[in-house]
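Engineer: the following comprises the amino acid sequence and a computationally predicted model.
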Amino acid sequence: MISRVAVVPHPPLLVPELVGADAPETAPVRSACLAAARELAACAPDWTAVAVDPSGPRTLADVGGSFRGFGVDVRVSLSAEPSSVEPALPLPALVAGWLREQVGARSVRLHLVPPDMSPDDCVAFGSQLGGRALLVLGDGSHRHGEQAVGRADDRAGSFDEDVRAALAAADPGGLRALDPALADELGAHGRAAWQVLAGVPGAWRTAHSEFTAPFGVGYHVAVWEA
């Protein structure tokens, strides 16, 4: 039964080699994600994970890959001794592998769900997840303010505030209530992963949570405990 959850974003900027030493503004979100991952590793060395990717539904485990497609050949893996390498490993899998290595966890079994997965299907999927430690990867809206990817949208603030409030209150109902159509319009690609979390059984409390949008993208970090 899952007893601890870490919610993190998965931007490439988490990896120092991809942004260089001249980007100190990336340090706070990286530090927050690593702190959440350390709490997960303290719970269990083997993680279940969920993220959103168009290649889903599928499950990845015991595989390696590289951030080469993002500019630097930083190699990572979902286990200490991967049995294979996937040349085009999805970004959430690369970040999950990087976090695993940074905090010394043993393995990650990553479930990728499609971006158009319905809230009911997400919740049903979450109810079936096993393991003790769950990593949930997903970004908020990319339409915040002047640095928005594309056109800024005033609705981004209230959408990510709803996500922030649900994570801060350990409120599965708040996550389940997120509107898939609005999330898609706002580029909030973590929506389905958060709604999978809404289906995970348990009475939860939030150990800590935070939200930032330093580059026009919403980054949510939270730790839930049973």
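Structural biologist: Yes, it's here.

Engineer: list the contacts of the spatially most central residue of the chain.
Structural biologist: With distances taken as CA atoms, centre = their mean, the chain has L137 as the residue nearest its mean C-alpha position (1.1 Å). For L137, the contact set (CB atoms under 8 Å, 6 or more residues apart in numbering) comprises 8-10, 49-51, 92, 95-96, 190, 193. To be clear about C-beta, it is placed using only N, CA and C from the backbone, and glycine gets the same treatment.

Engineer: mind redoing it with 6 Å?
Structural biologist: 8, 10, 51, 92 (CB atoms under 6 Å, 6 or more residues apart in numbering).

Engineer: cool, L129 as well?
Structural biologist: Going by CB under 6 Å, 6+ apart, L129 touches 48, 200.

Engineer: now the strands for this structure?
Structural biologist: 4-8, 46-52, 58-60, 63-66, 75-77, 84-85, 107-113, 133-137, 205-212, 219-225 (DSSP state E).

Engineer: now distance to P24 too, for the ones you listed, in TSV please.
Structural biologist: Converted to TSV, the strands of the chain look like this (distance: least, CB to CB, whole Å):
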stretch	distance to P24
strand 4-8	20
strand 46-52	27
strand 58-60	32
strand 63-66	25
strand 75-77	23
strand 84-85	33
strand 107-113	28
strand 133-137	24
strand 205-212	14
strand 219-225	16
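
Engineer: what is the nearest of the contacts of L137 to E146?
Structural biologist: Among the contacts of L137, H10 lies closest to E146 (CB to CB), at 23.2 Å.

Engineer: from A27, how far out is the closest one?
Structural biologist: Per CB to CB, to the nearest Å, H10 is found 17 Å from A27.

Engineer: who's more crowded, those two?
Structural biologist: Ranked by neighbour count (other CB atoms under 10 Å), H10 and A27 place H10 first, with 25 against 12.

Engineer: can you get me a residue count around the nearest residue to that one once chain neighbours are set aside?
Structural biologist: Nearest residue to H10, sequence neighbours excluded (CB to CB, 6 or more residues apart in numbering): V95, at 4.0 Å. Each residue near V95 was counted by other CB under 10 Å, and the total is 24.

Engineer: with the one 10 residues further on instead?
Structural biologist: Using other CB under 10 Å, A105 has 26 neighbouring residues.

Engineer: ok so, going back, out of the strands of the chain, which gets nearest to L197?
Structural biologist: Nearest to L197 among the strands of the chain is strand 133-137; the distance by CB to CB comes to 5.1 Å.

Engineer: listing partners with orientation, what would you give for the closest one?
Structural biologist: strand 4-8 (parallel), strand 46-52 (parallel) (DSSP bridges).

Engineer: can you check the pLDDT for R151?
Structural biologist: Here, the pLDDT recorded for R151 equals 88.

Engineer: and for D116?
Structural biologist: pLDDT recorded at D116 is 97.

Engineer: coming back round to it: against A96, how distant is the residue nearest to the centre of the chain?
Structural biologist: L137 sits 6 Å away from A96, going by CB to CB.

Engineer: ok, F211 touching A222?
Structural biologist: No. Under the criterion of CB atoms under 6 Å, F211 makes no contact with A222, lying 8.8 Å away.
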